[in-house]
Structures are given as C-alpha cells and as structure tokens.
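[1] any chance you could fold what I've pasted below:
(chains A and B)
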Amino acid sequence: MPRRWGLVLVGLMSVVGLSLSLWMADLMGVSKAYINAFFLLLSIVGYAVIGMFCRTTQPEEYFVAGRRITAPFNGMATAADWMSAASFIGLTGLLLNEGYIGDGFHAGGLAYVLGWTGGFCLLCFLFAGKLQESQAVTIPDMLGNLFGSTAVRWFSAWGAILCSSIYLVAQIYGIGLVTSMLSGLTFELGMFLALGGILLCSFLGGMRAITWTQVVQCVVIVASMVALAVAVSWREQGHPVVPAAAWQDMLRVNERAQEIALDPQEHATTLAMEQRLRHLDEKMADPIGAREVERQILARQLARLKEENASLAEIQRLESNPAWRDISEERMVEAWRQERDRIQQGLNRPVGFKGLQTPGADRGLFNTLALVFCLMLGSAALPHILVRSFSAASPRHAELSLVWALLFIAAVYLCASSLAVMLKHSVLTELVGARLDQLPDWAEQLKLRRLPLLYLNDWNRDGIVQFGDIRIANDYLMLAVPDIMRISPVFTGLIAAGALAAALSTADGLLLTIANALSHDLYFQTMKPKASAVRQVMLSKVLLMLVALTATWLATNQPVDILFWVACAFSLAASTFFPVLLLGLHWPGMSRAGALAAMVAGMGVSLYYIVVNYHGVQKYFGLAPEQTLWLGLEPFSAGVFGVPAGLLCGVLFSRLRPGRG
Amino acid sequence: MTQPDSATDSSRARIRARIGVLLLTLITVTGLCGAWWWPERTEWHYLLVTQAIPLCYVALAWWVAHRRPEEGDDA
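    Numbering: from 1, shown residues only, chains lettered A, B, ... in the order given. You can find the predicted model right below:
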C-alpha cells in the first residue's frame, strides 16, 4: 500500500519539480515551443514507461487488473478514465461562450457541470456494488451471465462498441489537436505520436497498466488545473483563493455587461449582424441569382483594389468569397449557411453569464433538463466507466472509489468554472472597447495561431472592438489561458500535459473496452469458449491495435465536433445500458426477452433521433429540423426518448415472456 | 446473529441509496430551476450551482457509500 501512495507522490513531485525547472528555464529565456514540447514528450514517455512496467499476459490482470485495486486508486483511475479532452479543456470555453443558462433554446453550461458530476452519484447508488459482486470481466459478460443469454451478450457488446467508438474518435481528434497546437507538428503526426503512447500503455498491460497510468494521469490532470486556477486567481486578485477571486470578478463582469448592453455602438453592431443575416437568407432563397450579383460586385471591388495596389491579403480575402470561387451551388449555399449559423450564435451569446431568455420555464430550460438527464444517466452507463467497478477490491471499494472519483472530478470542474469567470472578466475589460489597431498582445497572439482561437469582425466599421465583434473558439481556449492572463508560459505546458493526460486516459479506457468486447464477448465467449487464456489476451491485444488505428484514421479524415459527439455517446450509452442495468440489477422480474427488448428499443430510438436530425441526413432526405425534432429537444439529448423506451419495453417484454435463464 | 444484522444492513443501504437518488434529483432540479427563475443573479449561479452543488454531490455519494456493509471485503 505505501508503495502505491509513493507512486502518487512521485507523480505529484514530478509535476511540481518539472514545472519549477521549466519555470527557471523560461526565466533564462528558453523558447516557449521547447518548454511545451518537453512537457508533451515527457508525459507520453512517462505513461509508456509505466505501461511497460505493468505488462502482463495473465487474463485476470489484463482484463480487470487482478480485482484488487483499493478505493482511492480505483477512484483516481475512474476520474482519469472519465475526464476527457472535451470536459477538461472544453468546459471553460463552453461556460465562457454559452453562459450558464443558455440562450432560451440551447442548454447552457450549467447542464454540463451538473450532468457530468451527478452521474457518478447514480452509478455509486445503483450499480457499482452489484457490478463488482458479479465478478464479470466486461459489461456484456455481466449482462450475458445475468440473463444466461448469448443474444444479450452479443447485443450489449455491439452497444458497448458503438458508444465507445463515437467517444474514442472524438478523443483521438482532441489528442491530435493538443499535440499539434503545442508541439508544432502536423495534426496527423501529432495524433500518431500520441497514439504510440496510448498503445504502449494499453497494448502491453491491459487494465493493469491502464489503471496505474491513469492514477498518475489523474494526479497530472488535477494538479495542472488547480495550479493554473491558483495562478490566475493570484494574477487577478492577488490571493490564491480561487472561488473568492472568481466571485470578485463576477461582480465586475455583471457591471461591465450592463455598460456594454447600454452602449449605442454595441446596438449598431447587433443591427449590422441582423442585416447580414437577412441578406444571407435572401441569397440562400435564390442562390444562382445571388451568385451572379455578388460576382459582379466582387469583380468591381477586386479591380479597384488592384488599381490601388492593395495588399495581397486583402485581395485574397475577397477572392475567398464562396460566390467568387468556382464551387458547386450546394457548397456555396452550405458556406452561406455556416456563416448564418455563426452570426446567429454570436447574436445569441450572452455578454456576461446571463442568458437572453425571460424568467421562467421555456424551451431552453427543457433542453437543459434533458441534457442533464442524458449526461447523468450516460455517465452512470458508459461501459468504459462501468468496467472500473470490476477492478475494485470489493463492492464497498467499488462504491467508495466513485466518491474519490467524484472528489477529483469536482475539483477540476470547480476550477474550470472559476477560470471561465476570470477569463470573461479579461475579455470584457481588456478586449471590448479596445481599438482594432491597438489590441492587447494576447488578442493578437490568439488571432495569429495556426488554429485561431479568436476572430474579430468590425461589424459597424468604427475601428473599436464591440462584444458582438468577438468570436472565441470554445475548444482549446484553455490552452491560451496563460497568454490571456499573462502568466508564465510554463502553465501552457502544464495545462497541455493535463489535457493530454485527460485525452490519453479516456482513449486508453475506451480502446480496452472496445477490444475486450470484440475479443472476449463476440469471439471467445460465443465462438471459441475453449480457447486458452494466452490466446484470449493475444487476440485482445491485436484487436486493440486495429481499433486504435481505425479510430485514428477516422479522426484524421474529417473534422469532429468533439462536444457534440461526446454528448451523443452519453445519450446512446444511457439508452442502451441504463434501462437494462437498472431493471436487471434491481427488479427480479426482468427476463431475458425484456433485457434484449430494453437494449434494442433504447438504442434504436436514440440512434434514430440522432441520425434523423443529423444535418447531412436531413439534406439528403429534404427534411427540415422542425419536422424531425421531438418537443424541440436537441439531437444529442436523444436519451430522453431512448431511456423511457428501453424501460417500457423491458417491463413489457418481461411480462410477456418471463424467464431469466 | 450475523445473518439478520447483515440483512438489516443491506436493507438500510438500499434505503439510503433510494434516498440518495431522490436527493440527487431534488438538488439538481432545484438548482437549475432556481437559475432559470432568477436569471439576473449570475453570481449566485456561480457560487451555488457551479461550486456548491458538485460539492453536495460528493457529500451525498460519501453519505451513501461509507455506510455500506463490509461483507465480502477482502482488502
């Protein structure tokens, strides 16, 4: 036991020691790029070394880490497994841009904070102890044994693969962005470099290696977030009490938001944005005619610019107009639609943290409650989180480990939400009202990044930045916090190490879940039940590598909206697994037919709702969102329909065809 | 002697878990609806919803989990 705590201490001391040494390097003038690259490289090598030390070919060790992990360590591993790139680096930007209660239609940031934490209570109260008691290896294994059914095992294995794959692609995409943004490598190269780190952990040592890597990753995630929040708090208010500093900033944010709301130039900006919206609507109604008119105007403007010997950048800006380029009508309309969505989002964005809606119940509240429901039930039903109960030493340890996990996750979220307030304060006081030719240094840096985090558009052409002119990218804003708050660049490396740890730990857990579902549940338990233990582990390792490469290939091929896909994965997990687990573990009347019906109905309804509301599908079938949205709820809240469908079918089919097997 | 004690403990744990689910729902819905009914008070949204409620969840989870019967523990 002391040796295990020693590992945690070594992890913590390494983070502190490394940060101090790199801080000194920064003071001595070492380049920021070198500091970031050093943090990233050392993290990946460190995790790989732990993975190599924990390598195993014993099935009990490979699949469930020997079932002897005590509560604090299992809790740390669960927290790291759960804290993904989306939640670690996305939450601050999300709260900053969307505010707390949304815009009267979409869910605001509060839904994510409560949904992502409350789910662990549900898991602790309802499933953790009973899952550990089952002594199973995977969730399909547990369900297959519980109902004595190969069909239940097969379907739940495919369910686990589907939910985990969606989540995995989003994680790998996140890893690629973090590594490429901070190391200067290309996106694809950064992704494959990080993938090597993931594979070295999970391929060699399975759950045992992943558990101990995740323990260290949890230390890195929590330490980096807390250190950053304390440093920002110190910079802002001169003390290290983060909630107090954020509260002080929040009072100023509210005052500033009121001033901005009364500013006539802000009003002029809003009018200009609304005018552009109307113009885009007209163009989309008659794209061919609009293209001709716009081309003539552009031709005149380009001729004038060339006569005036304007800069190449200015000419290229005009030439990038979709109407000028020789693209299909479909792509041109799509470009206009995207611009329209961006402007609409800008108009709906709250200046402070307050939403735009009037007090009382509205569509936004229902969307928020729906999202909280899906995130909570999804957190309690994600297969890669559920399997952590199998590695706990006892049912009591399984439950207590979730209390530990929740403690670490809450620590990160308390800091993330405080950082959002302090960042908003900087944006409203330093950027809004600044002259466009005299922007704060951090704003220039954010604009010039390879993946820009800040876009400015002077809508009312007054040369001054209004709030409506600003568009800040949600994702990865966290990585720019040290620049915005003017604290040491060492924190950029530190937070990148934390982000990488979050993405790697989640990807590790997901990979293992997918590979085990394929090898253990779909192949060995149903096709080759007499295969040797060594053969089982070897096949799982081979499949793990294939899954990792496939997910990486998918992530490199098209941009991924990380938060959307993560929320969809939660809804699918909630719909597929929550009803069957709840009824199977707490209702003796649940039958084999009921279990299968619950999973098929839950997943079917959820999947249908997500797919039919997907933009590409709507375009293909000529559908409008009003036709396909049920109760006006957003597609990623599909679990609101999937979970009741699963519960209803579970009960109904259990009554019609009793018998558990 | 052990069996009735163990049965009582299990029954208490079950009841506590159910109370936990109810409290979780109550805290969450109250927090969110409160934020909707007083949309201007963002400083309280910050303090009560983003800071205090996650800590309440930790306390709630601990309250349910720490009293679980020790049976079956081997670690």
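[2] which SS class is the residue positioned nearest the centre of chain B?
    The residue lying closest to the centre of chain B (CA atoms, centre = their mean) is B:Leu60, at 2.8 Å. Secondary structure, DSSP: H, G, I helix; E, B strand; the rest coil: B:Leu60 is helix.
[3] tell me the spacing between it and chain A.
    6 Å (CB to the nearest CB, to the nearest Å). The way it works is simple: take the backbone N, C-alpha and C, and place the C-beta from them, glycine included.
[4] mind giving me the domain ranges of chain A?
    Domain assignment for chain A, taken from automatic domain parsing, gives A:2-242+A:363-425+A:486-556, A:256-358+A:435-474.
[5] which of the ones you listed sits most buried?
    Of all these, domain A:2-242+A:363-425+A:486-556 has the most neighbours on average by mean count of other CB atoms under 10 Å in any protein chain shown, namely a mean of 23.
[6] and that domain, what's its mean pLDDT?
    Throughout domain A:2-242+A:363-425+A:486-556, pLDDT has a mean value of 87.
[7] stretch A:523-535: how far from the chain's middle?
    35 Å (CA atoms, centre = their mean, to the nearest Å).
[8] kindly apply the preceding question to stretch A:216-229 instead.
    Distance, centroid of stretch A:216-229 to centroid of chain: 17 Å (CA atoms, centre = their mean).
[9] what sits up against it?
    For stretch A:216-229, the external contacting residues (CB atoms under 8 Å, 6 or more residues apart in numbering or on different chains) are A:7-8, A:11-12, A:15-16, A:19, A:43, A:46-47, A:50, A:76-77, A:79-80, A:83, A:88, A:242, A:408, A:411-412, A:415-416, A:418-419, A:481-482, A:491, A:494-495, A:497-498, A:501-502, A:504-505.
[10] so how far is A:Leu402 from the residue nearest to the centre of chain B?
    11 Å (CB to CB, to the nearest Å).
[11] chain B: helices as residue ranges?
    Assigned by DSSP state H, the helices in chain B fall at B:2-37, B:42-44, B:53-65.
[12] what's stretch A:183-191 in contact with?
    Residues contacting stretch A:183-191 (CB under 8 Å, 6+ apart): A:33, A:36-37, A:40-41, A:172-173, A:175-180, A:193, A:552, A:555-556.
[13] then stretch A:315-329?
    Stretch A:315-329 has contacts (CB under 8 Å, 6+ apart) with A:287-288, A:290-291, A:294-295, A:298, A:301-302, A:305-306, A:331-332, A:335-336.
[14] what about it, how long is it end to end?
    In stretch A:315-329, first residue to last residue: 23 Å (CA to CA, to the nearest Å).
[15] for that stretch, give the mean pLDDT please.
    The pLDDT scores in stretch A:315-329 average 78.
[16] chain center to that stretch, what's the gap?
    33 Å.
[17] ok, now stretch A:90-109?
    Distance of stretch A:90-109 from the chain centroid (CA atoms, centre = their mean) equals 14 Å.
[18] what does stretch A:488-502 give?
    With CA atoms, centre = their mean, you get 17 Å for stretch A:488-502.
[19] again with stretch A:232-249
    Offset of stretch A:232-249 from its chain centre (CA atoms, centre = their mean): 26 Å.
[20] for that stretch, how far is the first residue from the last?
    Using CA to CA, one end of stretch A:232-249 lies 12 Å from the other.
[21] buried residues in the helix or strand A:Gln618 falls within?
    Secondary structure from DSSP states H and E places A:Gln618 in helix A:615-621. For helix A:615-621, the neighbour count (16 or more other CB atoms under 10 Å in any protein chain shown) marks A:Gln618 as buried.
[22] ramachandran coordinates for the one residue in chain A that gets nearest to chain B?
    Going by CB to the nearest CB, chain B is nearest to A:Ala393 of chain A, at 3.4 Å. With angles defined as degrees, to the nearest 10, A:Ala393 sits at phi -70, psi -30.
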